[in-house]
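Peer 1: Build me a model from this:
(2 chains)
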There are 2 protein chains.
Amino acid sequence: MNGAESLVRTLSGAGVSVCFANPGTSEMQFVDALDRTGLMRCVLGLFEGVVTGAADGYGRMAKSPAVTLLHLAPGFANGAANLHNAKKARTPIVNLVGDHATYHLQYNAPLTADLEGAVTPFSDWVRMSTSAATIGADGAAAVAAAMSGPGRVATLLAPSDTGWDPGGVVAAPIAPTPPGAYDRAALDAAIAAIESGEKTLIYAGGAVLEDPELTGLLNAIAEKTGVTVLAPGSNRRIERGAGRARINKLPYPIDMALEVLAPYRHAILIEAPEPVGFFAYPNKPSRLLPDDTARVVLATAEEDGVGAVRALADRLGVRKPLVVDAARPVAPGAGSITYGALAAAIAAALPEGAIISDEGITVGRDIYGMTAGAPPMTWLAITGGSIGIGPPLATGAAVACPDRPVVALQADGSSMYTIQALWTQARENLNVTTVIFANQSYEILKQELFRVGANPGRSALDMLEINRPELDFVSLACGMGVPAKRVSDAAELCRAIADAVKEPGPFLIEAMIDG
Amino acid sequence: MNGAESLVRTLSGAGVSVCFANPGTSEMQFVDALDRTGLMRCVLGLFEGVVTGAADGYGRMAKSPAVTLLHLAPGFANGAANLHNAKKARTPIVNLVGDHATYHLQYNAPLTADLEGAVTPFSDWVRMSTSAATIGADGAAAVAAAMSGPGRVATLLAPSDTGWDPGGVVAAPIAPTPPGAYDRAALDAAIAAIESGEKTLIYAGGAVLEDPELTGLLNAIAEKTGVTVLAPGSNRRIERGAGRARINKLPYPIDMALEVLAPYRHAILIEAPEPVGFFAYPNKPSRLLPDDTARVVLATAEEDGVGAVRALADRLGVRKPLVVDAARPVAPGAGSITYGALAAAIAAALPEGAIISDEGITVGRDIYGMTAGAPPMTWLAITGGSIGIGPPLATGAAVACPDRPVVALQADGSSMYTIQALWTQARENLNVTTVIFANQSYEILKQELFRVGANPGRSALDMLEINRPELDFVSLACGMGVPAKRVSDAAELCRAIADAVKEPGPFLIEAMIDG
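Peer 2: All right, here's what the predicted structure looks like:
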């Protein structure tokens, strides 16, 4: 057995069943091994950012890693932005990156670069395989690394001779390291804060948001003690909707975030780092909580927030999750697609069990709140701030959950970084309904330009508008085999979404925003 | 004056007049400074790979750098693959990459990553600005670095406060370091090899190929002494066509390259490293020249190959360039677009002064040879092996040379990495005629799969075919504002190209290949 086959068999034995791939010559022996063993579903992407973003969506839903197959340093780099998002999300992913044969590297062939240097900033774990005999064990270690703690991006570098040489050895799975224990000493401080009578915030993220029982417990704690519960602005995954506790998020614009956080004298942090500005702005603080707010770190993002929430509830005598049903959304009437009508249309159209990929950026700001009472759903967001995750995230989630409809809420500008994902959706016949929010502008950047104090002229605005020429998403989708339609009326949008989610296969709706 | 304005004024003073941009929040003060000063043409890309590839095309044609404007580590990473190509080409480029404000970095906001680590593998020169007072000087150093030697990729990291803080100082241009002198001692060895009577190869690249006088001198040397002249398979820029010396290139497939190089007892290397396999293959050598061929390094890729060729000619008594005109191409008749008919159609249609962006990969293999007698042209190729350079390369070349038609010879699979460049072509009304070679497969990978000894089954081939669903490039182009047509007949293809290059603005022709 060659090294490549030993690696594929090892990964499969460790539970990896999907490979998102954009291979090149240095990975042909892995393509061959995947083919011969038939152990994995191979999903092709036309661009590496699709591959890595899909692995993120898959890992968030499956809670176990897919493997990506990438080509040398430039191929990895093409997928790095979405790995950055995945790393911040703490999504389990195994990257398999081909490299030149060990003996060939010294000759500096055209595709040679510092591969280890290139992957390190975007990986939590990196290993370079050195032989066919050890690449199986390296693969087992990579899966264990990916599944350790809350989830990690593990990158295995595979010189081509480690794949094609004989002497491969299949390795047994390695048990991952669970998340660290929450801070039991901080539990007393948290209880003291909650019982202080002073304004107290529970700021909770990570795995806590993925279990309706836990968010229900937090909601019950809030109800009983008067504390406020907030989630970070962007999260790996939130289980929410009708019959589940309503979880509000910290707003993105810095002035709003500062205003929301100003009253709190105590902040209890559970699987969420202290809130900081997404960016720095002149004359604004980096840390968003008031300086004299007491911080209690009950569980870091690497620790067991789930245990922390249960312990907190237990200490406070809270036994049962609390749900206060939000209002069921009402479909909008006919009319132009304002921000509010967009949110209403989506909220009213969402079916039971939908998975939402949220890259709505500015235009989508009202949707999260408006969907609180929509049927139970999973909400996936852009965690690392690198735009261009939405189309692939939706793709990967659909691969992981073939029986659930996926709705991609998608800003137009952001979509164009990884629009190639539509092709993979068509190829795999994935039930992804993409709603493009066509406002033809990098609207968020216009707002940011004002936030740094600029008084922009024509050429600055020109760099932030994308309406010259107009992007025609119906043509783009059709060019990649995805049926599509353009919609300008809110009621029609609602119907179009409801129709599309019922049908198998992908569909794209270009919603013309009246913003 | 703030730091951002001092930087823009410094770059402009050093001769930088174009900014290819995909900015984010951390670059808004630079957008503002570009806007207020009006000193540069700002060209927006929808994706960073478009921005960097366009800077490569611009730099190759202008022989001076454009500046890119990129957003933090993930934004840089999105553009890294084409910077890899540019670095291998030795194209002068200045990257301006925004970072979090110096004081904000410690808070690990979502977009925080190891920026310096991320850019280093894809840059020849890296500097992190530390203050508004020094960023002007940093900019002058970056331009000098980019223009030093044969050309370099210089990356300046700019924390946002170095842009918005007051106290900016405009810096005077710094003289770049010219390429090193060629090896005068090796000149004797080169002459001895040429006069040995044994089979001798002159393997010349870099700046030597950019001046028809030099390629003419090499041709005259070959004619007089019986040596063979070859260029590397991929080059930054070749000036060629009717009235210029014919320069053959080393073929890409390793068996062909080995066969071509086998006869030579001496190899004189001028601005070209010793030829090595693009990839390693089982049981094939990495070094393509026979082990016992004597290598004479007359000029490395960092040295003055132009001086070396002149000295060689002088020592050999060659005074005048020699041109033997290749046959003028003949237009193909009606019929399906075979590889040969494709090459003939392109060769017959090329106008005087065309700039060719060559990312034709396998399908385009016959075109280079067939165009030897076409009107004088500039040939730009993919130098670092990272596919997805073609559409942006053509874009940047057209920005640099608004009076020359650009023809992009484009494989279908490769185009999909950076297809967003079409939008920039439409926005800037660039005269780029893109000819998509639609064979609906990663044909080169199929060939590579066989080269590693695989006997591929259905699922392996499935990862190398991109015809399910079929990509419709006419729809894709129209979706980005570029008019397009699909052509299946060779004579019609010839006419379509000839018509498109005559018209201003971009056009895309999807040539359905009968391969």
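
Peer 1: From here on, just use CA atoms for contacts and neighbour counts.
Peer 2: Noted.

Peer 1: List the beta-bridge partners for A:Glu239.
Peer 2: Here A:Glu239 sits in beta bridges with A:Thr378, going by DSSP bridges.

Peer 1: check contacts around it.
Peer 2: Contacts for A:Glu239 (Cα atoms under 8 Å, 6 or more residues apart in numbering or on different chains) come out as A:Leu209, A:Glu210, A:Asp211, A:Pro212, A:Pro376, A:Met377, A:Thr378, A:Trp379.

Peer 1: where do the strands sit along the stretch 51-200 of chain A?
Peer 2: Per DSSP state E, counting those that start in this stretch, the stretch 51-200 of chain A carries strands over the ranges A:67-71, A:93-99, A:125-128, A:153-159, A:200-204.

Peer 1: Can I get the helix or strand A:Ile221 falls within as PDB, trimmed to CA atoms?
Peer 2: According to DSSP states H and E, A:Ile221 maps onto helix A:212-225. Coordinates of the C-alpha atoms in helix A:212-225 are reproduced here as PDB (Å, rounded to 0.1, in the frame of the first residue of the first chain):
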ATOM      1  CA  PRO A 212     -31.300  24.900  23.000                       C
ATOM      2  CA  GLU A 213     -31.300  23.500  26.500                       C
ATOM      3  CA  LEU A 214     -28.300  25.600  27.400                       C
ATOM      4  CA  THR A 215     -29.600  28.800  25.900                       C
ATOM      5  CA  GLY A 216     -32.900  28.000  27.600                       C
ATOM      6  CA  LEU A 217     -31.000  27.700  31.000                       C
ATOM      7  CA  LEU A 218     -29.300  31.100  30.300                       C
ATOM      8  CA  ASN A 219     -32.700  32.600  29.500                       C
ATOM      9  CA  ALA A 220     -34.100  31.200  32.800                       C
ATOM     10  CA  ILE A 221     -31.200  32.600  34.700                       C
ATOM     11  CA  ALA A 222     -31.900  36.000  33.200                       C
ATOM     12  CA  GLU A 223     -35.500  35.700  34.000                       C
ATOM     13  CA  LYS A 224     -34.800  34.700  37.600                       C
ATOM     14  CA  THR A 225     -31.900  37.100  38.400                       C
END
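
Peer 1: immediately after that helix, which helix or strand?
Peer 2: Sequence-wise, the next helix or strand downstream of helix A:212-225 (DSSP H and E) is strand A:228-231.

Peer 1: Please compute how far the helix or strand of chain A with the lowest mean pLDDT lies from its chain's middle.
Peer 2: Lowest mean confidence among the helices and strands of chain A (mean pLDDT, DSSP states H and E): helix A:443-451, at a mean of 81. Centroid displacement of helix A:443-451 relative to its chain, using Cα atoms, centre = their mean, to the nearest Å, is 24 Å.

Peer 1: before we move on, what about stretch A:171-181?
Peer 2: The mean C-alpha position of stretch A:171-181 is separated from the chain mean by 23 Å, Cα atoms, centre = their mean.

Peer 1: same check, this time on stretch A:186-196
Peer 2: So, by Cα atoms, centre = their mean, the centroid of stretch A:186-196 is 32 Å from its chain's centroid.

Peer 1: which parts of that stretch are buried?
Peer 2: Buried residues in stretch A:186-196, defined by neighbour count with 16 or more other Cα atoms under 10 Å in any protein chain shown: A:Ala186, A:Leu187, A:Ala189, A:Ala190, A:Ala193, A:Ile194.

Peer 1: same thing with stretch A:277-289?
Peer 2: Judged by neighbour count (16+ other Cα under 10 Å), stretch A:277-289 contains these buried residues: A:Gly277, A:Phe278, A:Phe279, A:Ala280, A:Tyr281, A:Pro285, A:Ser286, A:Arg287, A:Leu288, A:Leu289.
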